[in-house]
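Trainee: Have a look; sequence and predicted model below, questions after that.
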Amino acid sequence: MRILLIGPSRAGKSAVGNIILGGNYFTSESGSETVTKESMAKTVEKITVVDTPNLFSLDELSWSHEMERCIELCDPGPNVILWVTPICKFSEQQQGLFHAFRKRLDSGTTKHMMIIFTNGRELKKLGQTISTFISKGSKLCKVVSSCQNRCNDQRM
């Protein structure tokens, strides 16, 4: 199984990778500093997870090179692409990044995509379920439906 983690900086990609692999394989810290500076892969029991930096701050050429590196790290390509984003901070900018990412890849990308919402404990504080929260936000609802409603929340 080859999993590619994508998303904005400080979204919790490294923490999600650690949860999937069941250990502390990627450096993950809370705070305002971005920890992951370049794409890296870790493999545990036939599961490869590729953690990425904030790809959206890169120019087109750098983005292309970094994506090639990601694909090489999960050769012959990812089985699953996890878009990792904080659920309560989903904004127009987040939506734009998601759609820009999808446009840069081939049209079959969404069949491999799933959205992982981090900071799910914030929903609990609000007394909401993930489905209720998604249904209240039209931007968020459109993004989730573009992934055939494949999403999950991590109560991190």
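Mentor: Good, I have the coordinates.
Trainee: Helix or strand for Pro76, just tell me which one.
Mentor: Pro76 is part of no helix or strand, with elements assigned from DSSP states H and E.
Trainee: how near is the residue located most distally from the centre of the chain to Phe117?
Mentor: Distance from the C-alpha centroid of the chain peaks at Gly127, with 24.5 Å (CA atoms, centre = their mean). Using CB to CB, to the nearest Å, we find Gly127 at a distance of 16 Å from Phe117. Bear in mind the C-beta positions are built from the backbone N, C-alpha and C, glycine included.
Trainee: Check Phe101 too.
Mentor: From Phe101 over to Phe117 (counting by CB to CB), the distance is 16 Å.
Trainee: Look at the two and report which has more neighbours.
Mentor: Phe117 (28 against 19; other CB atoms under 10 Å).
Trainee: Do I have it right that the more buried one meets Arg150?
Mentor: No - contact between Phe117 and Arg150 fails when scored by CB atoms under 8 Å: they sit 11.7 Å apart.
Trainee: Now do the helices in the chain.
Mentor: 13-21, 60-73, 92-104, 121-126, 130-136, 138-146 (DSSP state H).
Trainee: for the ones you listed, which one ends up most surrounded?
Mentor: Neighbour counts (mean count of other CB atoms under 10 Å) averaged over each of the helices of the chain peak at helix 13-21, with a mean of 22.
Trainee: Give me the distance from that helix to the chain's centre.
Mentor: 10 Å (CA atoms, centre = their mean, to the nearest Å).
Trainee: That concludes my questions; thank you for your assistance.
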